[in-house]
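[1] Quick one: sequence and predicted model below, then my questions.
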Amino acid sequence: MLLQINQENPQERLINQVVGKLKQGGLIAYPTDTTYGIGCNIFNRRGVKNIYQIKQRDARKPFSFICADLSDVANYAQVSNFAFKIMKRHLPGPYTFVLDATRVVPTNMITRQKTVGIRIPDDEIALAIVRQLGHPLVTTSANLTGESPLHDPAEIEATMGRMLDLVIDGGIRYGDPSTIISLIDDRIEILREGCGDISWIDQL
């Protein structure tokens, strides 16, 4: 089902419709500030299991997730003063920051090293969903395993719609995946260079 939502002022009744699906364990495709993602409520085991099956992903390789804001991040990751300053400067934005996880995070969302990847995208639709849900949203690129990410919601609906409960139409998004940066032990390590600029790292 394709659901069109205003990119700048997401309609509350439509956001509530999306959140209702997520609370039931549903899967959605949704826009971010880079490209489209597939997601579910990180605290719904059925939803998380289904997203692993769709992506044919090893359960030992967790997905990252989206938080509403920096205060929300502190519930799920251990944020040092060093990490906080960097994240405050660059979020919301096209970055995924890797941090040590807290005990609140479900075990199926934590790596063997007990770390988590966290996103706060600069996208009103994604953030409205997370705020209303009250929990982080799993995030992974909208594509089938081994294929290129899909940028057009109509194409996502045609290709993956039968596997999803909702496909949100927030316009076409042609961005690359987010840049992944580890901040473990207050050391910056680029794990994947993507949409986010990294020139600021040389200035630290």
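    Thanks, I have it. Please read these numbers as outputs of a predicted model, since none were measured by experiment.
[2] Show me the strands in this structure, by range?
    2-4, 28-31, 36-39, 64-66, 95-100, 115-119, 137-141, 166-169, 179-182, 189-192 (DSSP state E).
[3] Where does pLDDT dip in this structure?
    Judged by pLDDT under 70, the chain has no weakly predicted residues.
[4] looking at the strands of the chain, which is closest to K55?
    The closest of those to K55 is strand 137-141. By CB to CB, the value is 5.9 Å. Just so you know, the C-beta spots here come from the backbone N, C-alpha and C atoms, and that holds for glycine as well.
[5] which outside residues touch the closest one?
    Contacts to strand 137-141, defined as CB atoms under 8 Å, 6 or more residues apart in numbering, come from residues 22, 30, 32, 35-42, 47-48, 51, 55, 57, 63-66, 109, 119, 126, 129-130, 149, 177.
[6] Stretch 48-63 now?
    Contacts for stretch 48-63 (CB under 8 Å, 6+ apart): 25, 27, 38-40, 42, 106, 108-112, 116-117, 138-140, 144-145, 160, 163.
[7] That one: which residues count as buried?
    Going by neighbour count (16 or more other CB atoms under 10 Å), the buried part of stretch 48-63 is V48, N50, I51, Y52, I54, K55, P62, F63.
[8] And for stretch 91-108?
    Across stretch 91-108, burial judged by 16+ other CB under 10 Å covers 91-102, 105.
[9] for this structure, what spans make up the helices?
    12-23, 45-55, 70-76, 81-90, 124-133, 153-160 (DSSP state H).
[10] List the contacts of Y36.
    Counted by CB under 8 Å, 6+ apart, Y36 has contacts A29, Y30, S141, A142, P149, L150, H151, P153, I156, R173.
[11] thought the second one was touching K21?
    Think Y30. No. Under the criterion of CB atoms under 8 Å, Y30 makes no contact with K21, lying 11.1 Å away.
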